[in-house]
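Chemist: the sequence and its predicted three-dimensional model are supplied below.
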Amino acid sequence: MEKEKTTFSRDPRWVESTTLDIPQGLPMHFGKPTFYVRDCYPQYYEKAMRVLGGVGTSTFFAYFFLRFSAENEDTTVITTSFCIQAKSSVMTAVAVWKGGEMIERTKNRYKLYQLLDKAEKGAVEANSGVIHLCNGSPNFRPGAPMVCFTRLASSSCQPCPKLFMPLWDLKELQTAANELDRPVRKLSGCLSKTEPEDVRMVVDEVEQRLLMFGGVARECLSDDACFVDARKIDVERLISQLNSGFFTMRLIEDLEYEMVRFAAHHNYPRRAEITGPPQFAKRLLVAHLSMFDTAMRNKINDCLRASLVYGPVRSVRFELRVHKILSSKCEFTARRLVGSNQPTSYRTFKCEKTTSLDLDDRFCYFDEDFSSADLENGPYQVPRATNFVTIDSFYYLSSRRRKPWFRLPVICPSLFGQCSCEDQLRLFQITLDSTHPVNGESLALLLDRLGLMTMTREHPERVALIFVVPRKIAKVFERQEIELDVDIPNDEDSVLRLGKIGKMRKKALNDVGIHKIQDLRERLEEVEALRVDATTPLAQDLSIRFLRELLRKHDERQWLKEVLNSIPQFVWPFAY
C-alpha cells in the first residue's frame with residue numbers, strides 16, 4: 001500500500017468549468033487527464049444516488065468525486081475501481097481521500113479489502129463521515145453509503161435506486177471535442193490509410209461517429225483512430241455472425257451491447273428508455289438479413305425474442321419489408337401532412353421495379369461517395385451502412401425513363417394546382433415512432449451531392465418527403481420538424497455563432513483580428529485574391545479551406561430552412 005499526499009484544487013470556480021482535470025491516483029478506466037463537464041452533471045450530482053448506464057459514467061464519477069470532496073472536506077472518500085473478468089466483477093484498485101488529499105492507495109489484490117476495512121474503521125474512530133464511490137460494478141456490500149457508476153448489465157446492485165444518464169447529442173459531442181481540444185481523426189476504413197489534412201477540425205467526423213456508435217462519448221470523442229476503426233470492425237464482424245438460427249448467450253450479449261442504448265426518460269431519470277440501434281448497425285443488419293429467406297429471418301427473430309435486442313431487430317425487419325415493397329413494382333396512397341386548419345388530402349404514388357446492378361446485393365445501394373451519376377443506377381436506392389446520410393432511401397424518376405407514374409385521386413383534384421407538375425424525387429424516412437425529426441443538414445447534403453438542390457429550391461413541389469410508419473401510428477402522425485439552427489446568425493455576429501467554432505478556436509481567430517463573421521468573410525476574400533494555398537492556416541490549426549467551408553454552410557443556412565420546410569410531407573400507413 002502506498003501513502004501519498006496527492007492533492008487537487010478545491011477552488012469553487014471549478015464548479016462552473018466546462019473541463020476539469022482528473023486527480024492523479026483516482027482509480028478509473030478513463031484514460032485521459034481531462035474530461036468534459038456535461039450540462040446534466042450538476043443536476044445528477046444533486047440527486048446523490050447510484051447512477052447506472054453505459055454513458056459517460058467514468059467521467060461523472062470524476063465529477064462527483066471532485067465536487068463531493070470540495071464540499072465535504074471532513075468526509076473520508078473511499079474510491080474503488082472494478083473490471084469484468086470471466087463474467088465476474090473484480091476489484092482492481094482502492095484509493096482513500098480526505099480533505100482533498102489522497103491518504104493511501106493500493107492495486108495489490110491481496111491488500112484491497114484490507115485497505116477498505118482500515119479506511120472504514122478509521123473514519124468511525126475519528127467520528128467523521130465516510131462514503132464509497134465505485135467506478136464499475138462492486139462485488140461487495142460496504143458498511144457505509146455508496147454511490148456506484150457502472151453499466152446497466154450489473155446485477156449485483158439491482159435493488160438499489162438508480163439514475164440513468166442521457167445519451168450525448170451531436171451538439172454536446174462537438175462542443176466537448178472543441179473544449180477538450182480533442183483531435184477527432186477521420187475514420188479511415190483501413191488502419192494504414194493516411195489521415196486527411198486538418199484532422200483537428202474534421203467536425204463532421206463527430207456526427208459520423210454518432211451515427212455509427214450512438215450517443216456514446218467513448219468512441220465519438222476518441223482521438224485514437226485505430227481504436228475507432230477496430231470498434232467499427234467489431235460491429236461488422238458481429239452482424240456477419242448472424243448466419244443461422246442458433247445463438248450463443250455471448251453473441252446475444254454482444255448484440256445487446258452494440259444495438260441497445262439506454263437513456264434517461266425525458267421526465268423521469270429513474271426510468272430508462274431503450275432507443276433504436278445506431279444507424280450504422282441498423283443498416284448493416286438490414287443488408288445482412290435481406291440475403292436470407294423469410295423462414296430464416298423468422299427463425300432468427302424467434303431466437304432473439306426474449307432478449308433486449310428484439311426491439312431493434314423488429315425495427316430492422318420493418319424497414320427491410322418497406323425496402324422490398326418499394327424495390328418492386330408497387331402503388332401506395334399517402335396522406336399529406338399539413339397544418340391543423342387545413343383539409344385532409346391524399347396522394348397516390350406509383351413505383352417501377354428496381355433491380356440491383358450488383359448480383360450480391362438484394363437492393364440497389366448508393367455508397368458514401370455518391371454523386372448525381374448514381375441517379376441513373378435505378379429509381380429506388382438505399383444508402384449503404386457506411387453512407388451517413390440520414391434519409392433511409394430515395395426514389396428518383398430520371399428524365400430518360402420518365403413517364404406518367406402517379407395520379408391524383410378524385411378526393412383532392414386541386415391539391416397541387418396543375419397536375420403536370422410531377423414530383424421527380426421521393427425521400428423516405430422509415431420509423432416505428434410517432435415522431436421522427438429530420439436532420440436538415442443531412443437532407444441538404446443529399447440534395448446537393450445528387451445535384452438536386454437547385455431544383456428543390458426553385459420547385460419544392462417536385463420533391464416529396466414520405467414517412468413510412470405502421471398503420472396504428474399513421475393516424476396520429478403529424479408534420480415533422482426539419483432540424484436546423486433556429487436562431488440563424490448574421491454577419492455582425494461573433495464567429496462563435498458559426499456553430500463549429502468553440503471558445504478555443506474563437507480565441508485563435510480573435511488573435512489574428514477576426515472577431516465577427518463579416519471579418520472572416522473579408523479576410524478569406526483577401527487571401528483568396530492572392531491565390532494563397534487553401535491548406536494554409538489562417539489561424540492556429542484553422543486552414544483557409546476549412547473556414548471557407550464553414551462560411552459556405554453559414555450562407556447556405558440563410559435560405560436552407562425555408563426551402564426544406566417547403567418540401568411537401570406525407571405519411572404512408574404501412575401494413576405490418
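Modeler: Nice, thanks for sending it over. Numbering: from 1, shown residues only.
Chemist: buried residues in stretch 95-109?
Modeler: Buried residues in stretch 95-109, counting neighbours by 16 or more other C-beta atoms under 10 Å, are found at 95-98, 100, 102-106. All C-beta spots, glycine's among them, are computed from the backbone N, C-alpha and C.
Chemist: out of the residues you listed, who's nearest residue 382?
Modeler: residue 95 (51.6 Å; C-beta to C-beta).
Chemist: residue 467: which of the buried residues of stretch 95-109 is nearest?
Modeler: Nearest to residue 467 among those, with distances taken as C-beta to C-beta, is residue 95, at 52.4 Å.
Chemist: host element of the nearest residue to that closest one once chain neighbours are set aside?
Modeler: Take residue 95 and drop its neighbours on the chain: the residue closest to it by C-beta to C-beta, 6 or more residues apart in numbering is residue 105, 3.8 Å away. Secondary structure assigned from DSSP states H and E places residue 105 in strand 101-106.
Chemist: residues of the helix or strand just after that strand that come out buried?
Modeler: Next along the chain after strand 101-106, taking DSSP H and E as the criterion, comes helix 112-125. Of all the residues in helix 112-125, those buried under the rule 16+ other C-beta under 10 Å are 112, 115-116, 118-120, 122-123.
Chemist: now do stretch 546-559
Modeler: Applying 16+ other C-beta under 10 Å to stretch 546-559 flags 546-551, 554, 556-557 as buried.
Chemist: all helices for the stretch 201-350 of the chain, in order.
Modeler: 204-213, 217-220, 225-240, 249-259, 279-289, 294-303, 310-327 (DSSP state H, counting those that start in this stretch).
Chemist: just the CA coordinates for stretch 441-452, please, in PDB.
Modeler: The C-alpha trace of stretch 441-452 is given here as PDB (Å, rounded to 0.1, in the frame of the first residue of the first chain):
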ATOM      1  CA  GLU A 441     -28.200  19.400 -42.900                       C
ATOM      2  CA  SER A 442     -28.000  15.700 -43.800                       C
ATOM      3  CA  LEU A 443     -31.000  16.200 -46.100                       C
ATOM      4  CA  ALA A 444     -29.300  19.300 -47.700                       C
ATOM      5  CA  LEU A 445     -26.100  17.200 -48.200                       C
ATOM      6  CA  LEU A 446     -28.100  14.500 -50.100                       C
ATOM      7  CA  LEU A 447     -29.800  17.000 -52.300                       C
ATOM      8  CA  ASP A 448     -26.600  18.900 -53.000                       C
ATOM      9  CA  ARG A 449     -24.500  15.800 -53.900                       C
ATOM     10  CA  LEU A 450     -27.300  14.400 -56.100                       C
ATOM     11  CA  GLY A 451     -27.300  17.700 -58.000                       C
ATOM     12  CA  LEU A 452     -30.900  18.400 -57.000                       C
END
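Chemist: residues of it that come out buried?
Modeler: Those would be 441-447, 449-450, 452, for stretch 441-452 by 16+ other C-beta under 10 Å.
Chemist: stretch 140-147 now?
Modeler: Residues of stretch 140-147 classed as buried: 140, 144, 146-147 (neighbour count, 16+ other C-beta under 10 Å).
Chemist: taking the residues you listed together, which two end up most distant?
Modeler: Taking C-beta to C-beta, no two of the buried residues of stretch 140-147 sit farther apart than 140 and 147, at 14.5 Å.
Chemist: ok, so of the buried residues of stretch 546-559, who is nearest residue 484?
Modeler: So of the buried residues of stretch 546-559, ranked by how close each gets to residue 484 (C-beta to C-beta), first place is residue 557, at 6.5 Å.
Chemist: for that closest one, give me the pLDDT.
Modeler: Per-residue confidence (pLDDT) for residue 557: 75.
Chemist: ditto for residue 437
Modeler: 91.
Chemist: how about the contacts made by it?
Modeler: By C-beta atoms under 8 Å, 6 or more residues apart in numbering, residue 437 lies in contact with 480-483.
Chemist: so where's the protein uncertain?
Modeler: 1-16, 48-56, 152-160, 183-204, 244-246, 399-423, 485-487, 499 (pLDDT under 70).
Chemist: could you rerun that using 50?
Modeler: 13, 50-55, 154-157, 188-203, 402-421 (pLDDT under 50).
Chemist: ok, which stretches of the stretch 401-550 of the chain are helices?
Modeler: Along the stretch 401-550 of the chain, the stretches classed as helices by DSSP H, counting those that start in this stretch are 440-449, 453-458, 471-474, 503-511, 517-529, 544-565.
Chemist: mind listing what's buried in the third one?
Modeler: Same thing as helix 471-474. 473-474.
Chemist: which elements pack onto that helix?
Modeler: Secondary-structure packing of helix 471-474 (3 or more C-beta pairs under 8 Å, 6 or more residues apart in numbering; DSSP states H and E): strand 569-574.
Chemist: partner strands of the strand it packs on, with direction?
Modeler: strand 330-336 (antiparallel), strand 463-470 (parallel) (DSSP bridges).
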